[in-house]
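S.K.: Give me the fold of what follows.
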Amino acid sequence: MSRDIDIQARWDGEASVWIATSTDVPGLVVEADSWPSMIEEVKLTLPDLLEVAGSPHDNLSLKF
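M.R.: Predicted coordinates:
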């Protein structure tokens, strides 16, 4: 069974970066200059934040 995590992503035109946050994972704030880079940064950061929070980080399903 997978755990669904909703990621909110928006383009900041002034800074020219994608910004990703999630109410499902407090503390998640990622910036990247491209959509693929932002997704990769989320995937790299998410397990560490979940581990610190004491939440399982196996079988994650990310929804952007």
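
S.K.: my guess is V25 meets D48, correct?
M.R.: No - using Cβ atoms under 8 Å, V25 is not in contact with D48, being 10.3 Å away. The way it works is simple: take the backbone N, C-alpha and C, and place the C-beta from them, glycine included.

S.K.: Neighbour count: those two, which is higher?
M.R.: Taking other Cβ atoms under 10 Å, V25 and D48 do not tie; V25 has more neighbours (20 against 11).

S.K.: Need the phi and psi values for V42.
M.R.: Per-residue torsions, V42: phi -60, psi -50 (degrees, to the nearest 10).

S.K.: Could you check how far the residue nearest the centre of the chain is from V30?
M.R.: What sits nearest the mean C-alpha location of the chain, by Cα atoms, centre = their mean, is V42, with 3.6 Å. In this view, V42 and V30 are 5 Å apart by Cβ to Cβ, to the nearest Å.

S.K.: before we move on, what about E51?
M.R.: Per Cβ to Cβ, E51 is found 16 Å from V30.

S.K.: burial count for L28?
M.R.: For L28, using other Cβ under 10 Å, the count is 19.

S.K.: out of everything not next to it in sequence, what's closest to it?
M.R.: In space, and not counting its chain neighbours, L28 is closest to S22: 4.7 Å by Cβ to Cβ, 6 or more residues apart in numbering.

S.K.: what residues are shared contacts of V42 and V30?
M.R.: A20 (Cβ atoms under 8 Å, 6 or more residues apart in numbering).

S.K.: all strands of this structure, in order?
M.R.: In the chain, the strands defined using DSSP state E lie at 3-6, 8-12, 17-21, 29-32, 60-63.

S.K.: May I see the buried residues of the third one?
M.R.: Neighbour-count burial for strand 17-21 flags 17-18, 20-21 (criterion: 16 or more other Cβ atoms under 10 Å).

S.K.: Check the last one too.
M.R.: Applying a neighbour-count criterion of 16+ other Cβ under 10 Å, one finds 60, 62 buried in strand 60-63.
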